[in-house]
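S.K.: missing the sequence, but the structure's below:
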């Protein structure tokens, strides 16, 4: 069992930056692929970024490519999402997720564990 706790959300003006963190419990963190997703009110949860266990492979949604960067520190059991050039349409609850098979995927259905989310609000 893996527990995930997100932090770092908040209110920021358009054009600003935030860094989200997701701390994971457990001793096999490096075996898990990790993903970030977000859900805006009235919308489905959507893929943002994913990273392999080693950190060597990353995938991004087109909407955030070039603005957001996913990374991980396996010594700290933590995955990060650096968000730059934020836009009002980035406003959502952001979730991290863990996939125990190590598969880097955009498909939220394959992820086994989820955090409770952190709110990001971008004002215009």
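M.R.: Yep, that arrived. Source: prediction; values computed, not measured. Numbering: from 1, shown residues only.

S.K.: Quickly find the element holding the residue positioned nearest the centre of the chain.
M.R.: The chain has residue 36 as the residue nearest its centroid, 2.4 Å off, counting by CA atoms, centre = their mean. Using DSSP states H and E, residue 36 falls within strand 33-39.

S.K.: Sheet partners, orientation included, of that strand?
M.R.: Strand 33-39 has the following strand partners under DSSP bridges: strand 46-51 (antiparallel), strand 92-99 (antiparallel).

S.K.: Quick one: closest of these to residue 85.
M.R.: Among the strands paired with strand 33-39, the nearest to residue 85 by CB to CB is strand 46-51 (14.3 Å). From N, CA and C alone the C-beta is placed, and that goes for glycine too.

S.K.: Please identify the buried residues of the closest one?
M.R.: Judged by neighbour count using 16 or more other CB atoms under 10 Å, the buried positions of strand 46-51 are 47-51.

S.K.: and the strand holding residue 36, how far out from the chain's middle?
M.R.: Centre-to-centre, strand 33-39 and its host chain are 4 Å apart (CA atoms, centre = their mean, to the nearest Å).

S.K.: Contacts made by that strand with the rest, please.
M.R.: For strand 33-39, contacts defined as CB atoms under 8 Å, 6 or more residues apart in numbering pick out 20, 22, 24, 45-53, 70, 72, 79, 81, 90, 92-99, 101-106, 108, 111, 117, 120.
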